[in-house]
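> Pasting the sequence and the predicted coordinates here, then a few questions.
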Amino acid sequence: MYVIRILRTGILEQGDIPKRRRALNAREILKMLKQNELEKEIEEERPIELEESQEEIKAISLQSLYFHLQKLEEAGLIHTVTILREGRHNTAYYGRTARIFLHTDPKKNEHKIAKAFTAITELASLKNPNFDQVRMEELLERLLLFETQRRERISKWLTQYESTIIEKNIDLTSLFKFMELIDTINPDYIKLFQDLLTTVNLDSLP
């Protein structure tokens with residue numbers, strides 16, 4: 001979602017009244033990617049993933065970026081704001097279709113959760129050969145559904161405060177993570193993990 005983040009940040013244009021332009025062309029987007037202007041925003045949040053992301057960014061060409069922009073547009077995440085005649089060519093400027101996007105990867109999060117469930121299932125099975133793995137699969141599905149619904153609820157809530165978030169340059173990812181932490185007192189979330197603890201039933205667990 002680096003492109004979405006760049007479009008949200010935009011480019012500050014100087015003038016009598018400096019203003020931020022959030023409709024950018026492909027070359028401007030690529031330049032911002034190559035300059036790693038997003039590094040400071042995410043290095044403290046995801047130090048391990050950042051190194052991989054930088055390598056991916058270095059490999060991006062203008063042609064591959066156009067392909068990526070096309071996919072984002074097909075997915076409804078960005079749209080062509082305008083097409084301007086610049087020299088001998090027409091240049092498309094892209095903008096976001098929604099006001100707030102979270103720069104997280106739900107698929108990666110789901111993969112981490114599934115991997116954790118696999119590990120705890122293997123551990124519990126060593127102690128109990130008759131361990132109910134089907135029950136664990138049901139709990140995993142419940143948790144993934146809850147995570148999806150929670151992400152939607154928090155995103156909807158944050159959208160109400162978009163202007164303040166942008167004006168104050170609030171770290172959206174950190175804010176979202178904090179809201180997730182607060183939501184752990186959700187009765188449905190607590191009940192889910194109570195069921196998980198009962199199912200796993202490992203003596204070493206507190």
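Okay, I see it.

> What is the longest helix anywhere in the chain packed up against?
Longest helix in the chain by number of residues, with DSSP state H as the criterion: helix 133-159. Helix 133-159 sits against helix 106-127, helix 172-182, helix 187-200, with contacts defined as 3 or more CB pairs under 8 Å, 6 or more residues apart in numbering; DSSP states H and E. All C-beta atoms are positioned from the backbone trio N, CA, C, and that covers glycine.

> tell me how far it is from the chain's mean position?
Helix 133-159 has its C-alpha centroid displaced from the chain centroid by 15 Å (CA atoms, centre = their mean, to the nearest Å).

> Kindly calculate the angle that it makes with helix 187-200.
If you take axes from the mean of the first three to the mean of the last three CA atoms, to 10 degrees, helix 133-159 sits at 160 degrees to helix 187-200.

> Specify the angle between helix 133-159 and helix 106-127 in degrees.
150 degrees.

> Including mean pLDDT, distance to E73 and mean neighbour count, could the helices and strands packed on helix 133-159 go into TSV?
Converted to TSV, these look like this (pLDDT from 0 to 100; distance: least, CB to CB, whole Å; neighbours: other CB atoms under 10 Å):
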stretch	mean pLDDT	distance to E73	mean neighbour count
helix 106-127	92	20	13
helix 172-182	87	22	14
helix 187-200	94	36	13
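
> Which of these sits closest to Y2?
Y2 sits nearest to helix 172-182 of all the helices and strands packed on helix 133-159, at 12.5 Å, using CB to CB.

> helices or strands up against the closest one?
The helices and strands touching helix 172-182, judged by 3+ CB pairs under 8 Å, 6+ apart, are helix 133-159.

> Now do the buried residues in the helix it packs on.
For helix 133-159, the neighbour count (16 or more other CB atoms under 10 Å) marks M136, L139, L140, L143, L144, E147, R150, R151, I154, L158 as buried.

> and the fifth one, what does it touch?
For L144, the set of contacting residues under the criterion of CB atoms under 8 Å, 6 or more residues apart in numbering consists of E110, I113, A114.

> Identify, from those, the entry nearest to R21.
Ranked by distance to R21 (CB to CB), these are led by E110 at 35.4 Å.

> That closest one: what's it in contact with?
E110 touches L144, E147, counting by CB under 8 Å, 6+ apart.

> Okay, it and L144: tell me how far apart.
According to CB to CB, to the nearest Å, E110 stands 6 Å off from L144.

> cool, and R85?
Applying CB to CB, the value for R85 to L144 is 48 Å.

> Next: K108.
On the measure of CB to CB, K108 and L144 end up 13 Å apart.

> One more: R20?
For R20, the distance to L144 (CB to CB) stands at 37 Å.

> and if you look at L192?
L192 is 11 Å from L144, by CB to CB.

> Contacts only, for the spatially closest residue to R142 that is not a sequence neighbour.
Nearest residue to R142 in three dimensions, chain neighbours excluded: L192, at 5.6 Å (CB to CB, 6 or more residues apart in numbering). Neighbour list for L192: L139, R142, L143, F146 [criterion: CB under 8 Å, 6+ apart].
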